[in-house]
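Q: one predicted model, sequence on top.
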Protein chains: 2
Amino acid sequence: MTDEIARREVKALVFDVFGTVVDWRTSLIEDLSQWAKSKKIDADWTALVDAWREAYVPSMNEVRNNAAKGFVKLDVLHRQSLDKLIERFDIKGLSEADRDHINRGWHRLKPWPDSVPGLTRLKTKFIISPLSNGNVILLTNMAKNAGLPWDLILGSEIFEHFKPDPETYLGAARLLSMSPGEVMMVAAHNGDLKAAQSHGLKTAFVPRPGEYGPHQKRDFEATGEWTMVVKDLNDLAARLGC
Amino acid sequence: MTDEIARREVKALVFDVFGTVVDWRTSLIEDLSQWAKSKKIDADWTALVDAWREAYVPSMNEVRNNAAKGFVKLDVLHRQSLDKLIERFDIKGLSEADRDHINRGWHRLKPWPDSVPGLTRLKTKFIISPLSNGNVILLTNMAKNAGLPWDLILGSEIFEHFKPDPETYLGAARLLSMSPGEVMMVAAHNGDLKAAQSHGLKTAFVPRPGEYGPHQKRDFEATGEWTMVVKDLNDLAARLGC
């Protein structure tokens, strides 16, 4: 029944990206391992990638707690975390260009197998956009690399706030000139959906139980009363009549 | 020679939209005339469209001169001007839905013949985006209707400023994480390019001598030292090696 409500009321779908649309962990580990092999740089890239992602939420919280200092985009936060990890992991011989290349690994993330076909179908009936903590150029380069057919790019930088701050969800609805109920947040993370729902957005949960590899601790299944719970983005497209 | 500089340095192309990418005058006159015929509403739509466009710059100036009141998006300015024109042209019997449909004519504008093929070629090597006084949903709906293959949508609403305010040109470079010289403004209007150039952007002039129909008064040709002067967007693509 809520599928029908969504089909009738929703005009735009906004997507969490890291984990929901792209498989950041596998693709970043593979990307960096292959590159390092060709450069003969030895390091435990799996451990580095996991530690890098662990630094993600604390780094955004620091920006949130020091709002007077101004917003800091995710590319910069990623780089600050990376520089610390290179020291902690004692990786030697990296030039500035190497560090920049590693940092831009987040621009080269690969989609889950259903992401491009699912988004392509959804785009025929809905406006589709990321609503991500990534910054605009990160999301734009990722879309070009991965073939993600977004209609527009909504990154945290536009709102100068990270999710789950209200400014992101409500800012997306405002820029789309829609009421919050005409916008559906699609995410693999119950926390993201909970925040979106509290501001009146519709919600769709997509399980990505492999996102964190062996370290996945939550989000194996929907834990809230979401508008829709789907198998993947193809299933979302089918159920929304695309 | 400046073609070579552009090929070497430019990473993103940002486009003026009304007049440069879409033929607002012909498509709006046709769209409204056909719709009005089917609704049996009689009016001089050609004169109305010309008067509507004449109200465009003054309406933005009013927002600029009353900045303390906050930014007003173009859909709202268009509607305010339209309501006055409906009275001035003494058009009777229009419902709220009719007025909204007419106002959304700006979302349904048609591209010049070279726009979609030119942009499609340019997209293979560059990031392409509108940099328009239009608001985000106007530009997004227009892209979906007209098949404009933008990588992202940069509308005035994101910057809360209209061109030629510096915040638009510099804001585009900032969101793209590029220096102004890595961004090229493409426009059929010398004034737009002059402002972009003054902030360090590269510039390309595309003549659209039919934009204003019989009322065209300027911009028949390039009047500044622009980085490139091209015949149309296919020519721009060819000269940029796409």
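A: Alright, I've got the coordinates. Numbering: from 1, shown residues only, chains lettered A, B, ... in the order given.
Q: show me how chain A divides into domains.
A: A:2-23+A:109-239, A:25-107 (automatic domain parsing).
Q: now do the first one, average pLDDT.
A: Confidence for domain A:2-23+A:109-239, expressed as mean pLDDT, is 97.
Q: quickly check: it near chain B or not.
A: Yes. Using CB under 8 Å from any CB of the partner chain, domain A:2-23+A:109-239 reaches chain B at A:127, A:135-137, A:140, A:143-144, A:150-153, A:157-158, A:175-178. In this view, the C-beta of every residue, glycine as well, is placed from N, C-alpha and C.
Q: that older thread, out of the domains of chain A, which one sits most buried?
A: Comparing those by mean neighbour count (mean count of other CB atoms under 10 Å in any protein chain shown), domain A:2-23+A:109-239 ranks first with a mean of 20.
Q: how long is it from one end to the other?
A: This stretch, domain A:2-23+A:109-239, spans 10 Å end to end (CA to CA, to the nearest Å).
Q: that older thread, distance to residue B:55 added to the domains of chain A, as TSV?
A: Converted to TSV, those look like this (distance: least, CB to CB, whole Å):
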stretch	distance to residue B:55
domain A:2-23+A:109-239	21
domain A:25-107	36
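Q: I figured residue A:60 hits residue A:162, correct?
A: Yes. Taking contacts as CB atoms under 8 Å, residue A:60 lies within contact range of residue A:162: 4.5 Å.
Q: any shared contact partners between those two?
A: residue A:133 (CB atoms under 8 Å, 6 or more residues apart in numbering or on different chains).
Q: for residue B:112, find the nearest of the domains of chain A.
A: Distance to residue B:112, taken as CB to CB, is lowest for domain A:2-23+A:109-239 among the domains of chain A, at 21.2 Å.
Q: ok, the closest residue to residue A:240 other than its chain neighbours to residue B:144 distance?
A: Spatial nearest neighbour of residue A:240, chain neighbours left out: residue A:7 (5.8 Å); criterion: CB to CB, 6 or more residues apart in numbering or on different chains. Applying CB to CB, to the nearest Å, the value for residue A:7 to residue B:144 is 18 Å.
Q: next: residue A:37.
A: Residue A:37 is 43 Å from residue B:144, by CB to CB.
Q: please apply the same query to residue A:84.
A: 43 Å.
Q: residue A:237 now?
A: 17 Å.
Q: please apply the same query to residue A:220.
A: 36 Å.
Q: quick check, residue A:6 in a helix?
A: Yes. The assignment for residue A:6 is a helix, going by DSSP: H, G, I helix; E, B strand; the rest coil.
Q: excluding covalently adjacent residues, which one is nearest to it?
A: residue A:227 is the one closest to residue A:6 (CB to CB, 6+ apart), at 5.4 Å.
Q: span of stretch A:50-62 from start to end?
A: First-to-last residue span, stretch A:50-62, CA to CA: 19 Å.
Q: all helices for chain A, in order.
A: A:2-9, A:24-39, A:45-54, A:56-65, A:74-88, A:96-103, A:115-123, A:136-146, A:156-159, A:166-175, A:190-198, A:233-239 (DSSP state H).
Q: tell me which strands and helices the longest one is in contact with?
A: The reference is to helix A:24-39. helix A:45-54, helix A:96-103 (3 or more CB pairs under 8 Å, 6 or more residues apart in numbering or on different chains; DSSP states H and E).
Q: by how many degrees do the shortest one and helix A:45-54 diverge?
A: Meaning helix A:96-103. In terms of direction (axes from the mean of the first three to the mean of the last three CA atoms, to 10 degrees), helix A:96-103 departs from helix A:45-54 by 70 degrees.
Q: now do helix A:96-103 and helix A:74-88, the angle between them.
A: 110 degrees.
Q: and helix A:96-103, average pLDDT?
A: According to the model, helix A:96-103 has a mean pLDDT of 98.
Q: what's that helix in contact with?
A: Contacts of helix A:96-103 (CB under 8 Å, 6+ apart): A:32, A:35, A:39, A:41, A:75, A:78, A:79, A:82, A:83, A:86, A:94.
Q: then it to PDB, C-alphas only?
A: Output of helix A:96-103 as PDB, limited to C-alpha atoms (Å, rounded to 0.1, in the frame of the first residue of the first chain):
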ATOM      1  CA  GLU A  96      52.300  14.800  -3.100                       C
ATOM      2  CA  ALA A  97      51.000  13.500  -6.400                       C
ATOM      3  CA  ASP A  98      50.700  10.000  -4.900                       C
ATOM      4  CA  ARG A  99      48.800  11.200  -1.900                       C
ATOM      5  CA  ASP A 100      46.500  13.200  -4.200                       C
ATOM      6  CA  HIS A 101      45.900  10.100  -6.400                       C
ATOM      7  CA  ILE A 102      45.100   8.000  -3.300                       C
ATOM      8  CA  ASN A 103      42.700  10.600  -2.000                       C
END
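Q: could you check how far residue A:102 is from residue A:53?
A: 14 Å.
Q: same question for residue A:130.
A: Residue A:130 is 18 Å from residue A:53, by CB to CB.
Q: which residues does residue A:12 form beta bridges with?
A: residue A:127, residue A:183 (DSSP bridges).
Q: give me every residue that touches it.
A: A:126, A:127, A:128, A:129, A:172, A:176, A:178, A:182, A:183, A:184.
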